[in-house]
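> Here's a sequence, model it:
(chains A and B)
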Number of protein chains: 2
Amino acid sequence: MSEFDLIQIIRQRIGHSRGDVVFGIGDDAALLEPPLGRQLAACTDTLVADVHFPHDATPEDIGWKSLAVNLSDLAAMGAQPAWVLLSLTLPEADERFVERFAEGFAELASKHEIALIGGDTTQGPLSVTVSAFGFVPQGQALLRSGARAGDAVFVTGTLGDAAAALSLLRGSGLGTRDSSNEQARSELLQRLHRPDPRIFSGRALRGIANACIDVSDGLLADLGHICWASNVGAEIEADSLPISQSLRQASAPELCRDFALSGGDDYELCFTVSEENAQRVAEAFSQLDCGVTRIGRIVAEPGVRVQDANGNVVEPPRRGWQHFAP
Amino acid sequence: MSEFDLIQIIRQRIGHSRGDVVFGIGDDAALLEPPLGRQLAACTDTLVADVHFPHDATPEDIGWKSLAVNLSDLAAMGAQPAWVLLSLTLPEADERFVERFAEGFAELASKHEIALIGGDTTQGPLSVTVSAFGFVPQGQALLRSGARAGDAVFVTGTLGDAAAALSLLRGSGLGTRDSSNEQARSELLQRLHRPDPRIFSGRALRGIANACIDVSDGLLADLGHICWASNVGAEIEADSLPISQSLRQASAPELCRDFALSGGDDYELCFTVSEENAQRVAEAFSQLDCGVTRIGRIVAEPGVRVQDANGNVVEPPRRGWQHFAP
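Residues are numbered from 1 along each chain as shown, chains lettered A, B, ... in the order given. A predicted model of the protein is given here:
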């Protein structure tokens, strides 16, 4: 197995072609024709073994997730994904690993008609860097900075599942006997390993949402980014947080709330909408296979606060996940 | 030091702004406006500690080189660089390392008015992935596949310096007592650590060269890529290879030739030109601070062959560098 053999394996499996790709893999750089009248959204994310995924994650899941976390960033901009670059660093030229990785990657890429336009294969400790590119009509991108006091705050899907799955994998449990519920466990793990980037939701929110972000570090942390960029604050109603049936089944109620507030890796969208646009959200999502829940509101006072139905302040043990935290 | 502090350090130091960047670092993705009538060239390269640079390389050199190897790919397409994404994986949040890395990166970026549009900072074994983007007028990109039998083969600058420097660092020496020549050593090491991507040369070759590649794996390997993509072969005159004065001073003559033929990391351009365009090469380079040398010709018979002035076949000990080689 040489580097070129590995590239061939990847090329053969992630083979979607697009009219806007003049030249893809195989030269010093890809050659692309961005469509007229669109802005180009670009992002990159690295996944490192034992940091972003456990060493025994399946290659298919690593492939899927390395693409998914990037598509989630494009979704949060309201962008339609188009192209990706893939840098794969491997301890050794493991043909079967690369085949399986490429299969997981291709499964998600083909769902959204994404072309792999280039990349790099190097030897070293296992890690994956993907750069993803998408299009958004001129001036319609969803930014973090557009939230205004009085906006309603929404999230897509459900929160906390991925964090609960991670807790299971680490053997920390979920504070309840039912954490052995096999179907619930399996659904939670699926959410951790195969996040579904909210591409369609992000597109549907163009012209509706004032601000948007994807929930990768945890709701409080990521809504905090919106508040910081918009110079506002937020109040969250703890009892309104969307919790999946799997999480409710497997986890103690107080832990459900902590996972939903602070758990990373959900890759849902959190967005704010003016009061007059709030009813358009339900309409926009009626066509989509994805739930949406109003969880609070934007206020003038900085900071993100959480309260329960009795008006008591809820403070989770930690507010989010970040690298290099002590 | 949190992840956000590190990003701030990088932002402050790599601060070039451009009119075509609507929104850079700070949202889920960058937002860009590619210029009309241009094709977008995109590439990515990962540098891993102890594979692509020694663990004791200075952070400034790692920063410079991680950008340079990507700009070299854009140069080989004849593209004008514009934007870069930077993914930096670090064992720990080392503020001083990141400052110095960013300084080296910024030094090269500012030379070419390149904007850092986004990135990722993660914890893990030291590695750097850069994705770089540039523009090329419609249909004028330099591809590997355009070489024709009868073309002249040229290279920019000099070959073999970086490989000689690597040999010095590894303690393998250069087959001569003069390898202790301090100035020559220093110039060779500069070539390894601070390659100068041939952006201006690549642009000047638009409309002149039939095929082009950058010499990253070694002349024989990279010219081999042109030949493979163009379905032709090449004959190289060993005695015409451009060897720097530093390399001649420091290294035994037979080693000079091996370094020039097989050594990677030079980041010169190798290109082919039709006989009627061959004289335009000297003209094009007369404005540039970069030498150019005719080293052989393209032939119909596949493969890359090297001969000396007496017509004897020259076969270097190895033909190039690649990952996962046994």
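
> alpha carbons only for contacts and neighbour counts from here, please
Will do.

> all helices of chain A, in order?
Listed in chain order, the helices of chain A (DSSP state H) span A:3-13, A:59-76, A:95-111, A:161-169, A:182-193, A:199-204, A:219-230, A:245-250, A:253-262, A:278-286.

> mean confidence score for the fifth one?
For helix A:182-193, the per-residue pLDDT values average out at 92.

> and if you look at the second one?
Confidence over helix A:59-76, taken as the mean pLDDT, stands at 97.

> ok, it near chain B or not?
Yes. Counting by Cα under 8 Å from any Cα of the partner chain, chain B has neighbours in helix A:59-76: A:73-74, A:76.

> export the helices of chain A to CSV and tack on distance to B:A278?
As requested, the helices of chain A are exported to CSV (distance: least, Cα to Cα, whole Å):
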stretch, distance to B:A278
helix A:3-13, 32
helix A:59-76, 45
helix A:95-111, 43
helix A:161-169, 61
helix A:182-193, 56
helix A:199-204, 51
helix A:219-230, 56
helix A:245-250, 70
helix A:253-262, 64
helix A:278-286, 61
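
> out of those helices, deepest packed?
Greatest average neighbour count among the helices of chain A goes to helix A:59-76 (a mean of 28), per mean count of other Cα atoms under 10 Å in any protein chain shown.

> Report all helices and strands that that helix contacts.
Packing partners of helix A:59-76 (3 or more Cα pairs under 8 Å, 6 or more residues apart in numbering or on different chains; DSSP states H and E): strand A:38-48, strand A:80-90, helix A:95-111, strand A:127-137, helix A:182-193, helix A:199-204, strand A:209-214.

> For chain B, state which of the residues of helix A:59-76 next to chain B is nearest.
A:D73 (5.0 Å; Cα to the nearest Cα).

> what's near enough to touch the closest one?
Each residue near A:D73 by Cα atoms under 8 Å, 6 or more residues apart in numbering or on different chains is listed here: A:43, A:213-214, B:28-29.

> Likewise for A:L261?
Per Cα under 8 Å, 6+ apart, neighbours of A:L261: A:159-160, A:218-220, A:316, A:319.

> Spatially central residue in chain A, please.
For chain A, the residue nearest the mean C-alpha position is A:Y267 (2.8 Å; Cα atoms, centre = their mean).

> so it makes contact with A:R194?
No. With contact defined as Cα atoms under 8 Å, A:Y267 does not reach A:R194; the gap is 10.2 Å.

> any chance of the helices and strands packed on helix A:59-76 in CSV, with distance to A:D5 too?
As requested, those are exported to CSV (distance: least, Cα to Cα, whole Å):
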stretch, distance to A:D5
strand A:38-48, 23
strand A:80-90, 14
helix A:95-111, 9
strand A:127-137, 18
helix A:182-193, 27
helix A:199-204, 33
strand A:209-214, 36
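
> Output the below-cut-off pLDDT ranges for chain A.
Scanning chain A for pLDDT under 70 picks out A:175-180, A:318-326.

> Setting the sequence-adjacent residues aside, check what's closest to the residue nearest to the centre of chain A.
Nearest non-adjacent residue to A:Y267, counting by Cα to Cα, 6 or more residues apart in numbering or on different chains: A:V215, 4.9 Å away.

> what's the spacing between the one you found and chain B?
From A:V215 across to chain B, the span is 10 Å (Cα to the nearest Cα, to the nearest Å).

> Return the distance of stretch A:53-64 from the chain's centre.
With Cα atoms, centre = their mean, to the nearest Å as the basis, stretch A:53-64 stands 16 Å off its chain's centre.

> which outside residues touch that stretch?
So stretch A:53-64 is contacted by A:47, A:49, A:97-98, A:100-108, A:193-194 (Cα under 8 Å, 6+ apart).

> Which part of the stretch 151-300 of chain A gets nearest to chain B, residue-wise?
Counting by Cα to the nearest Cα, the stretch 151-300 of chain A gets nearest to chain B through A:I213 (6.6 Å).

> What residues does that residue make contact with?
With Cα under 8 Å, 6+ apart, A:I213 has these contacts: A:73, A:76-77, A:143-144, A:222-223, A:226, A:269-271, B:28.

> Who is it paired with across the strands?
Taking DSSP bridges as the rule, A:I213 bridges to A:C270.

> Bridged to the spatially closest residue to A:R297 that is not a sequence neighbour, which residues?
Once flanking residues are discounted, A:R297 sits nearest to A:A152: 4.4 Å by Cα to Cα, 6+ apart. For A:A152, the beta-bridge partners under DSSP bridges are A:V273, A:R297.

> and if you look at the one 4 residues further on?
Per DSSP bridges, the residues bridged to A:T156 are A:V292.

> how close does the residue nearest to A:S240 when sequence neighbours are not counted sit to B:L159?
Distances taken as Cα to Cα, 6+ apart put A:I295 closest to A:S240, at 5.4 Å, once the chain neighbours are dropped. Look at A:I295 and B:L159: by Cα to Cα, to the nearest Å, they are 63 Å apart.

> neighbour count winner among these two?
B:L159 (30 against 19; other Cα atoms under 10 Å in any protein chain shown).

> That one touches B:Q245, doesn't it?
No. Between B:L159 and B:Q245 there is no contact, the gap being 11.0 Å when judged by Cα under 8 Å.

> now the residues of helix A:59-76 next to chain B as JSON lines including distance to A:Q249?
Below are those laid out as JSON lines (distance: Cα to Cα, whole Å):
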{"residue": "A:D73", "distance to A:Q249": "30"}
{"residue": "A:L74", "distance to A:Q249": "32"}
{"residue": "A:A76", "distance to A:Q249": "30"}
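
> And these, which is closest to A:S167?
A:D73 (24.4 Å; Cα to Cα).

> excluding its backbone neighbours, what's nearest A:R257?
Closest to A:R257 by Cα to Cα, 6+ apart is A:A238, at 7.1 Å.

> A:Q123 bridge partners, please.
Beta-bridge partners, per DSSP bridges, of A:Q123: A:L90.

> Please tell me how far stretch A:213-227 is from the chain's geometric centre.
Using Cα atoms, centre = their mean, the offset of stretch A:213-227 from its chain centre is 11 Å.

> Show the end-to-end separation of that stretch, please.
11 Å.

> residues in contact with the residue lying closest to A:D239 once chain neighbours are set aside?
In this structure, A:D239 finds its nearest non-sequential neighbour in A:D308, 5.9 Å apart by Cα to Cα, 6+ apart. A:D308 makes contact with A:237-239, A:314, according to Cα under 8 Å, 6+ apart.

> Please report how far A:D308 lies from chain B.
Taken as Cα to the nearest Cα, the span from A:D308 to chain B is 30 Å.

> And for A:F133?
Remark: distance between A:F133 and chain B (Cα to the nearest Cα) = 9 Å.

> quick one: that residue and A:L74 touch, right?
Yes. The criterion here is Cα under 8 Å, and A:F133 meets it with A:L74 at 7.4 Å.

> what touches both of the two?
Common neighbours of A:F133 and A:L74 (Cα under 8 Å, 6+ apart) are A:41-43, A:81.

> can you list the domain ranges for chain A.
A:3-137, A:152-307 (automatic domain parsing).

> what does the stretch 51-200 of chain A put close to chain B?
So the stretch 51-200 of chain A meets chain B at A:51, A:73-74, A:76-77, A:85-87, A:92-93, A:118-125, A:129, A:131, A:143-144 (Cα under 8 Å from any Cα).

> A:A49 contacts A:G124, doesn't it?
No. At 11.4 Å, A:A49 and A:G124 do not qualify as touching, with contact defined as Cα under 8 Å.

> In terms of neighbours, single out the busier of those two.
A:G124 (21 against 17).

> Just give the nearest non-adjacent residue to that one, would you?
A:P91 (4.8 Å).

> coming back round to it: among the shared contacts of A:F133 and A:L74, which one sits closest to A:R18?
For those, the closest approach to A:R18 (Cα to Cα) belongs to A:P81, at 11.8 Å.

> Tell me who's in contact with that closest one.
So A:P81 contacts A:71, A:74, A:112, A:114, A:132-135, A:199 (Cα under 8 Å, 6+ apart).
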